[in-house]
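> Any chance you can model this:
(one chain, ligands or ions: 1)
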Amino acid sequence: MRTYVITGGTDGMGRGLGLHFLRRGDRVIAVASGETKGRALLAEADRLGAADRAGYVRADLSTVAGMHKVIDEVTRVADAVDGLIFGAQRFRPEREETEDGLEFTFALAYLSRFVIGHGLMEHLERAESAVIMNIAGPGGMPGRIHWDDLQLRDGYKGMRAAMQTSRCNDLLGVGFAARHPDARTRYVLYNPGFVATAMADPLPQPQRAITKTLARFFATPVDKAIVPIAGLLDDPSAAAVTAFKRGRPLPLTGADFDPAAADRLHQVTTDLLAQVAAPRR
Ligand SMILES: NC(=O)c1ccc[n+]([C@@H]2O[C@H](COP(=O)([O-])OP(=O)(O)OC[C@H]3O[C@@H](n4cnc5c(N)ncnc54)[C@H](OP(=O)(O)O)[C@@H]3O)[C@@H](O)[C@H]2O)c1
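Presented below is the predicted three-dimensional model:
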């Protein structure tokens, strides 16, 4: 029996992957911030006869405390982690700051993946062939890292924040492999394309209605979108880090995967986390 930890495991692709692994007899620890969808996932696991293999950790992953709660809970209940899947996201049309004083999208969709990935490394390495699956946007819409204003205090736009975290996640994969050169854990960056999920729910009108209408015609259903993702979790490439767009491999070249930029982001992120921790001491 394998153990999978899935952030954003109560909706969209995270939920689809969780139910897939529960159906085949694995153990799933889903993480999200809401109570209703968490309960619904556990009820579904019960219907599948998998109640004893399904767990739910309620944590706000936009906060550093929430990120550490997940690490603490997982290390308390599991000896090893075979798959760590990152799927938590929530689009923010307006800039918001978390309780740590960080921009929300950066904290939720990038920083939580940094903290939890590194934080669970020991447990991942105990598994025979663990995989970190970072579902994000490699090779997708353009965007850049605003090195001089990472928290996007000036000129915030929801899409700018979302695209910045995509680029941060590209570099996170490259940087992670560089920081753990002897690890057997594989890092996969995955862009699923347009998938029919709860993604459009936080959009303001009329974008929400437009996106939902487009999704009806053009988006891939979750059940279909998760097939290549589950395949890569079962059978990752030998390379320490790989990137895919809708199942097709992407070359790890160009600015998005630049090792020097990955190193810079790792340092900047570590410094930021130290600043967040300092006032608590
Ligand atoms: N859907 C697409 O077309 C698409 C395209 C490219 C990339 N992606 C990427 O694929 C991944 C999965 O996306 P999806 O569309 O399947 O997601 P989704 O259906 O929107 O579900 C998002 C999940 O994240 C959780 N979440 C939201 N805010 C949270 C918070 N503060 N703390 C903890 N959990 C939180 C949600 O539960 P709660 O609200 O209860 O917390 C939910 O379980 C994301 O990383 C996304 O960027 C998606």
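> Strands along the stretch 51-200 of the chain, start to end?
Secondary structure of the stretch 51-200 of the chain (DSSP state E, counting those that start in this stretch): strands located at 54-58, 83-86, 131-135, 186-191, 195-196.
> which strands and helices sit next to the longest one?
In this structure, strand 186-191 makes packing contacts with strand 131-135, helix 158-179, helix 222-234, strand 241-245, judged by 3 or more CB pairs under 8 Å, 6 or more residues apart in numbering; DSSP states H and E. Glycine gets a C-beta too; all of them are placed from N, C-alpha and C.
> Check the second one too.
Judged by 3+ CB pairs under 8 Å, 6+ apart, the packing partners of strand 83-86 are strand 3-7, helix 12-23, helix 112-119, strand 131-135, helix 222-234.
> what about the third one, near the ligand?
To tie it back to what came earlier, the one meant is helix 112-119. No. Applying CB under 6 Å from any ligand atom, one finds helix 112-119 out of contact with the ligand, separated by at least 7.4 Å.
> Go through the helices and strands packed on strand 83-86 and name the closest to D149.
Ranking the helices and strands packed on strand 83-86 by distance to D149, with CB to CB as the measure, places helix 112-119 first at 18.8 Å.
> circling back: tell me which of the helices and strands packed on strand 186-191 is the most buried.
strand 131-135 (a mean of 26; mean count of other CB atoms under 10 Å).
> Low-confidence stretches in the stretch 51-200 of the chain?
Along the stretch 51-200 of the chain, the model assigns pLDDT under 70 to no residue.
> Spell out which residues of it are next to the ligand.
Residues of the stretch 51-200 of the chain lying near the ligand (CB under 6 Å from any ligand atom): 60-62, 87-90, 108, 135-137, 191-192, 194-195, 197-199.
> Buried subset of those, written for PyMOL?
The command below creates a PyMOL selection of those among these that count as buried (16 or more other CB atoms under 10 Å):
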select buried, resi 60+61+62+87+88+89+90+108+135+136+137+191+192+195+197+199
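> still on that earlier bit, output the strands of the stretch 51-200 of the chain in CSV, with distance to T269 appended to each entry.
What follows is the strands of the stretch 51-200 of the chain, written out as CSV (distance: least, CB to CB, whole Å):
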stretch, distance to T269
strand 54-58, 23
strand 83-86, 15
strand 131-135, 15
strand 186-191, 16
strand 195-196, 27
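> got a list of what whichever residue of the stretch 1-150 of the chain sits closest to the ligand touches?
Closest to the ligand within the stretch 1-150 of the chain is G12: 2.2 Å, counting by CB to the nearest ligand atom. Neighbouring residues of G12 by CB atoms under 8 Å, 6 or more residues apart in numbering: G87, V195, T197, A198, M199, V222.
> mind running it again at 6 Å?
By CB atoms under 6 Å, 6 or more residues apart in numbering, the contact set of G12 is T197, A198.
> Tell me the predicted confidence for it.
Reading off the confidence values, G12 has pLDDT 97.
> Same question for A277.
We note a pLDDT of 83 for A277 in this prediction.
> Work out for me the element it sits within.
Assigned by DSSP states H and E, A277 falls within helix 259-277.
> contacts for that helix?
Contact partners of helix 259-277, identified using CB under 6 Å, 6+ apart, comprise V64, D100, F114, L171, V174, G175.
> What separation do you get for the residue lying closest to S166 once chain neighbours are set aside and D170?
For S166, the nearest residue in space outside its immediate sequence neighbours is G137; the separation is 3.7 Å by CB to CB, 6 or more residues apart in numbering. Using CB to CB, to the nearest Å, one obtains 8 Å as the distance from G137 to D170.
> on that earlier part again, pull up the gap between the residue of the stretch 1-150 of the chain closest to the ligand and V28, please.
Taken as CB to CB, the spacing of G12 relative to V28 amounts to 15 Å.
> do P236 as well
19 Å.
> So T98 sits against D60, correct?
No. Between T98 and D60 there is no contact under CB atoms under 6 Å: 8.3 Å.
> Widest-spaced pair of the contacts of helix 259-277?
Maximum pairwise distance in the contacts of helix 259-277, criterion CB to CB, is 25.1 Å, between D100 and V174.
> If the residue nearest to the spatial centre of the chain is in a bridge, with which residues?
With distances taken as CA atoms, centre = their mean, the chain has F86 as the residue nearest its mean C-alpha position (2.3 Å). Beta-bridge pairing of F86, defined through DSSP bridges, involves T7, N134.
> Let me see the contact set for it.
T7, R113, N134.
> how deep is the first one tucked in, by neighbour count?
In other words, T7. The burial metric for T7, expressed as a neighbour count using other CB atoms under 10 Å, is 27.
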